[in-house]
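A.B. asks: Sequence and predicted structure, then a few things I'm wondering about:
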Amino acid sequence: MAGPAPGERARAGEGARVRLRDVAVPLGILLALGLALRLIIAYVLLPGSGFKVDVNSFNGWAVELAKNGPFGIYDRPIFIDYTPGYLYVLWGLGLVAQLLAGPGAGPGDMLKLPPILADLGLAVAVFLLAADLGARRRAALVAGVVHAVAEVRAHPLLRKIVDVDPEFLLPYLVQRRGATADNQLALLEAAIGRGTDDGSIRAGDPAMRARAVLLAAWSFVLTGPVLVDKRQYRALDHELAELLDRYLAPRARA
């Protein structure tokens, strides 16, 4: 059976592609809600949280950078194992902290702002990447899954469970699924079904596709931190976006 003519495929692809201006309002609302949630967690529910060794190191480096500047910092008699990029961020935070609280003040909870804002930027970048590679429904689905993975993986409650009582998670990984997993599957199945209808996601069983996507997302949440360190999370999420987009994309006709 002959497939659609090249011109028809081009028109179908053009109709499915997403323009940022078409989704600016819903995307902006989604990002604003994500930002509000992260700020509430960081500054209302769990102020002062974080890995203490890292937080203490970042505060100390920020104070040092604000006091003596970044040039030659690796030659100073202090422990420092980060590349220059993030040190410039800490330098700025240190300067702001000392401007607000006086000499020697560390940024404290201000340390949480750059990664929160970076996560928002990542969500937009993933959406635009998926939109460029694919189409409206698939772009939104990929961006939403990757953003959720980044949020859940960094959530202090999950990190606490993994650090203190990882056995709590075991039944939900090997024996049964809870109500949360059922809700996640329902959302994914509905989104995949809509993408299949508009042609941006290849034809197939939406229920099985939803399970495959959720399995991939869970592995990036739970096992990702075992395979890469925190400085590589965003690169890992970029790979997840490409993995999901290629898995869901319609297959080119021979």
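C.D. replies: Thanks, I have it. Note that the structure is predicted; figures quoted are calculated from it, not measured. Residues are numbered from 1 along each chain as shown.
A.B. asks: Tell me the secondary structure at I78.
C.D. replies: coil (DSSP: H, G, I helix; E, B strand; the rest coil).
A.B. asks: Test my guess that it contacts E64.
C.D. replies: Yes: I78 is within contact range of E64, at 6.5 Å (criterion: CB atoms under 8 Å). For every residue, glycine as well, the C-beta is placed using N, CA and C.
A.B. asks: Same drill for the two, tell me which one is more crowded.
C.D. replies: Using other CB atoms under 10 Å, the more surrounded residue of I78 and E64 is E64, with 19 against 11.
A.B. asks: Relative to Y74, how far out is the more buried one?
C.D. replies: In this view, E64 and Y74 are 12 Å apart by CB to CB, to the nearest Å.
A.B. asks: before we move on, what about D229?
C.D. replies: Applying CB to CB to D229 and Y74 gives a distance of 19 Å.
A.B. asks: which ones are touching K230?
C.D. replies: D54 (CB atoms under 8 Å, 6 or more residues apart in numbering).
A.B. asks: And the protein, what are its domain boundaries?
C.D. replies: 52-106, 113-248 (automatic domain parsing).
A.B. asks: Need the winner for burial among those domains.
C.D. replies: domain 113-248 (a mean of 17; mean count of other CB atoms under 10 Å).
A.B. asks: first to last residue in that one, what's the distance?
C.D. replies: End-to-end distance for domain 113-248: 33 Å, by CA to CA, to the nearest Å.
A.B. asks: would TSV of the domains of the chain with distance to L33 be doable?
C.D. replies: Below are those laid out as TSV (distance: least, CB to CB, whole Å):
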stretch	distance to L33
domain 52-106	25
domain 113-248	11
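A.B. asks: To L45, which of these lies closest?
C.D. replies: Closest to L45 of those, according to CB to CB: domain 113-248, at 8.4 Å.
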